[in-house]
Every structure is written in C-alpha cells, then in structure tokens.
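Visitor: sequence-free structure coming up:
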C-alpha cells in the first residue's frame, strides 16, 4: 500500500527509526528515497505489535488507493491588510497597507472532502479550522476552496515564507505531498 505524508514530515524521517502513523500504529522506516537531497519516498514496515507511542514522531497520512480518489483543495490564508498594529493619526496609512494579503496553497485531500458544502466548517489536523468557500465540482474541474479561520495563534506569515526562495521551494514540495486531513473526515 502507498500512503502520502507531508514533505515537511517526510524530511524528518531516518532509516531504522520507529514512527507512529496516526490511527494505524507504529512502523519502522526501512529505506528512504531522495532526489537532490529531498525525501521523495520511503519504505516502512508496519510493526503493529509495538504499542510504545511515547518516543515516536507522530504523522498524519492519506491513503493513496485506486478506490479512494483524492480531491483537489485550495487552502486560502489571509494576512492583515494593515502591517502596523497601531497607526497614529499623524502617520500616512498608505505606507502600512500590505499589497498582497491572500495566499493560496494547493493540497491533496481525501475523497470525503468531496461531500463538503459551502459554509461547512472543518478542522484539518495540524493546520487549523477552515470554512468551505467553494464545494468540489468534478464536472467543472473546481477544487474545494477552504478559507482559514483565524484562531488567535501566531504562526509564520505567508508573506514571510514567500520572501525566502528556499522556503518557497519547501512549501511547493509540501504542497505536492500534502496529506493532512482531519481524522473525522477519514471515517465519514
């Protein structure tokens, strides 16, 4: 069987290491496949008898199976329009207006995302909460569009990531291998 991991997660794998595949069990990494130093594949051997999850890296994953067709997803993050927390009356507001505030990331989603309706709110494990802005339409080739719902936690800004070409490449690789889907959606 083949499963998908996020590129960020795959980059932390080491041969011989025991990892936990969430909702499945432990597995031992037996081989890594790299291209230009980037992990693009790994072979693991399930070790479901090993119930020691305390010292293992935990990974969410997505099955890549013929019977489960993946759904294209576009996750949209928004940054504040104004770059300064407090603009004084005598300051020029125009100098603090951010030119780009919308950042899109293409993801691969489980087939269960095809049933989302506009307005539905979901949680994607390790990513946060999202509201469905556009439902999936296979006939028209339209992906699910999810808007990030701010939760008050500070995270790396999308614009800061876009400014660093190395991080852009890393993000693009992460998009290619994106698999994190909320556990509840896997069981629906």
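Guide: Nice, thanks for sending it over. It should be emphasised that the depicted structure is a prediction, and the values quoted were computed from it without experimental measurement.

Visitor: Every contact and neighbour count from this point should use C-alpha atoms.
Guide: Will do.

Visitor: Tell me where this protein has helices.
Guide: Per DSSP state H, the chain carries helices over the ranges 7-10, 158-163, 165-176, 183-187.

Visitor: for the record, mean pLDDT for the shortest one?
Guide: The one in question is helix 7-10. Mean pLDDT, helix 7-10: 88.

Visitor: What helices and strands are in contact with the longest strand along the chain?
Guide: For the chain, the longest strand by residue count, based on DSSP state E, is strand 25-35. Using 3 or more Cα pairs under 8 Å, 6 or more residues apart in numbering; DSSP states H and E as the contact test, the elements touching strand 25-35 are strand 18-21, strand 38-46.

Visitor: Could you point out which of the ones you listed sits nearest residue 112?
Guide: Evaluated with Cα to Cα, the helices and strands packed on strand 25-35 place strand 18-21 nearest to residue 112, the distance being 19.5 Å.

Visitor: partner strands of that closest one, parallel or antiparallel?
Guide: Its sheet considered, strand 18-21 pairs with strand 25-35 (antiparallel), strand 57-59 (parallel) by DSSP bridges.

Visitor: May I see these arranged in TSV, with mean neighbour count, distance to residue 42 and mean pLDDT as well?
Guide: Formatted as TSV, the strands paired with strand 18-21 follow (neighbours: other Cα atoms under 10 Å; distance: least, Cα to Cα, whole Å; pLDDT from 0 to 100):
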stretch	mean neighbour count	distance to residue 42	mean pLDDT
strand 25-35	16	4	93
strand 57-59	16	13	92
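
Visitor: Output these in CSV, with distance to residue 124 appended to each entry.
Guide: What follows is the strands paired with strand 18-21, written out as CSV (distance: least, Cα to Cα, whole Å):
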stretch, distance to residue 124
strand 25-35, 20
strand 57-59, 13
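
Visitor: Of these, which is nearest residue 74?
Guide: Among these, strand 57-59 sits nearest to residue 74 (Cα to Cα), with 21.5 Å.

Visitor: Quick one: distance of the closest one to the chain centre.
Guide: Distance of strand 57-59 from the chain centroid (Cα atoms, centre = their mean, to the nearest Å) equals 14 Å.

Visitor: before we move on, back to that, with respect to burial, which of the helices and strands packed on strand 25-35 scores highest?
Guide: strand 18-21 (a mean of 22; mean count of other Cα atoms under 10 Å).
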